[in-house]
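S.K.: kindly return the folded structure for what I paste below:
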Amino acid sequence: MGWDFDEIILGEPASAKNRRQIVTHGGKPRLIKSRKALEYTKTFNQQCPALNPLLDGDVCVRVDVWYASRRPDLACMDIIMDLLQAKVYANDRQVKATMSLWNLDREKPRVRIRVRSMDSRSSTGVSSFSASQIWGVET
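M.R.: Numbering: from 1, shown residues only. Have a look, this model is predicted:
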């Protein structure tokens, strides 16, 4: 059971929790992406190839993250799923199952992202699928 997309993106992803900052523009408060989220977005876009054609239908996403320190948690899934839009699939609403694993590598922080098309029956409820049907492993 192979992956339709399998790439390693160098750099430490921004946390979804910390990816917005409040600034004042024209005397009004605005929410914009944090500096780290903007930098990671640029880094991601430079490294991530686009599939042609994009995956259609339901997909599952597995993300293995190697952080440079023990401080971050796995709150990067949202930003990564957003960044995969228009590169791997059309919209992150196609994602019906996710798996993320935390790792430590102080010298080379990175993310390995794998995406696989799912059986069209997944839209009736992923919970009816066994782990082996989604991830290709036995539970």
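S.K.: least confident secondary structure element in this structure?
M.R.: Using mean pLDDT, DSSP states H and E, strand 20-25 stands out as the lowest-scoring helix or strand of the chain, at a mean of 65.
S.K.: after the longest helix belonging to the chain comes which helix or strand?
M.R.: The longest helix of the chain (DSSP state H) is helix 35-47. Next helix or strand after helix 35-47 toward the C-terminus (DSSP states H and E): strand 59-67.
S.K.: now that next one: buried residues?
M.R.: Buried residues in strand 59-67, counted by 16 or more other CB atoms under 10 Å: V59, C60, V61, R62, V63, V65, W66, Y67. All C-beta spots, glycine's among them, are computed from the backbone N, C-alpha and C.
S.K.: also stretch 65-83?
M.R.: V65, W66, Y67, P72, C76, M77, D78, I79, I80, M81, D82, L83.
S.K.: any idea which element the most centrally placed residue in the chain lies in?
M.R.: With the centre of the chain defined as its mean C-alpha position, the nearest residue by CA atoms, centre = their mean is I80, 2.7 Å away. Counting by DSSP H and E, the element that carries I80 is helix 77-84.
S.K.: and the pLDDT for S15?
M.R.: Listed pLDDT for S15 reads 76.
S.K.: count the neighbours of it for me.
M.R.: Neighbour count for S15, taken as other CB atoms under 10 Å: 20.
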